[in-house]
Structure formats: structure tokens, C-alpha cells
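A.B. asks: test case, fold it:
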Amino acid sequence: MNTPVKQGDTVKVHYTGRFEDGVIFDSSVEADPLEFTLGSHEVIPGFEEAAEGMNVGESKTVSIEPEQAYGSYNDNLVVDMPKEYFPEDIEPEVGMRLIIVDNSGEELPVVVSEVHDESVRLDANHPLAGKTLVFDIELVDIV
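C.D. replies: Predicted coordinates:
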């Protein structure tokens with residue numbers, strides 16, 4: 001008997017995630033399925049919501065707005081840092097991922113988004129923040 005997935009169930013899904021323009025940013029199709037428990041906040045809210053109620057073997061395509069994915073893009077998470085603050089052995093390049101430590105000792109992952117003569121722009125937004133994501137989801141198993 002096929003029972004729909006509910007909160008608390010651990011599931012295995014195959015997925016392909018893409019942007020609205022069709023560019024794929026992630027997929028489990030050529031790898032092991034993604035395993036997560038509904039209600040545990042292991043995946044973005046919109047993905048969890050999409051899986052709820054599915055039956056094993058069922059597939060669906062969902063569009064997830066930023067608020068149910070990685071949130072809106074926050075300009076307050078972008079800072080310009082003087083190049084002199086960088087260690088001498090690091091030559092900042094656009095796309096470089098770094099970990100910075102804030103005044104309270106918290107580690108914060110950032111990406112170098114611009115490099116200028118005297119400063120480097122660091123962006124602490126999640127790379128998928130502000131984007132609507134489209135997922136093809138197939139429920140493989142309820143564990």
C-alpha cells in the first residue's frame with residue numbers, strides 16, 4: 001500500500017535543481033538519492049513542503065520562491081574590505097570563497113565578488129539567495 005509522506009518521515013529523493021532560465025545548479029540523478037527527514041529543517045522549506053504528501057515512485061516539478069529557499073538577497077551582507085586586511089599569502093580573486101571571523105568570533109563564509117585596487121568586496125549572502133529555484137523531485141523511498 002502506498003502511503004503519502006508526512007512530517008517525521010525519512011525519505012530518499014532524486015532531484016534536479018535549476019534556475020528559471022533552465023541552467024542546472026545541482027542534481028542527485030547520477031549519484032545517491034538525497035535522504036532527509038521531513039520537519040527536521042535539513043533542506044530548504046519549499047523543498048520539504050514539496051515532498052510532503054508524495055508517494056513512492058511519484059515525480060513532480062516545483063518552483064520555489066526565494067522566501068521558501070535561501071531567502072532574499074541582503075545588501076547588508078556585502079562589505080568592502082581594505083586589501084591591507086588580507087593576509088599577505090592570499091591574493092583575492094572574484095569567486096574565491098573565504099571564511100572571515102567577525103568581532104564576536106563567529107565564522108562567516110563569504111565570496112569575493114569584486115576586486116579593486118585598494119579594496120575587495122565580500123558577499124556573505126548564500127550563492128542562491130534571491131533566486132527562484134525549480135526542482136524536479138522523484139520520491140524514491142520512505143526509509
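A.B. asks: which element follows the least confident helix or strand in the chain by mean pLDDT toward the C-terminus?
C.D. replies: None of the helices or strands of the chain scores lower by mean pLDDT, DSSP states H and E than strand 97-101, at a mean of 91. Counting by DSSP states H and E, the next helix or strand C-terminal to strand 97-101 is strand 107-115.
A.B. asks: tell me if I'm right that residue 52 and residue 38 touch.
C.D. replies: Yes - using Cβ atoms under 8 Å, residue 52 is in contact with residue 38, at 5.9 Å. Where you see a C-beta, it was placed from the backbone N, CA and C, and this is true even at glycine.
A.B. asks: so which of those two has more stuff around it?
C.D. replies: residue 38 (19 against 14; other Cβ atoms under 10 Å).
A.B. asks: just the pLDDT at the more buried one, thanks.
C.D. replies: On the pLDDT scale, residue 38 is placed at 97.
A.B. asks: next: residue 1.
C.D. replies: 57.
A.B. asks: give me the element residue 79 is part of.
C.D. replies: Going by DSSP H and E, residue 79 is in strand 78-82.
A.B. asks: how far does that strand sit from the chain's center?
C.D. replies: 23 Å (Cα atoms, centre = their mean, to the nearest Å).
A.B. asks: buried ones in it?
C.D. replies: Residues of strand 78-82 classed as buried: residue 78 (neighbour count, 16 or more other Cβ atoms under 10 Å).
A.B. asks: repeat that for stretch 126-133.
C.D. replies: Buried, per 16+ other Cβ under 10 Å, within stretch 126-133: 126, 128-129, 131, 133.
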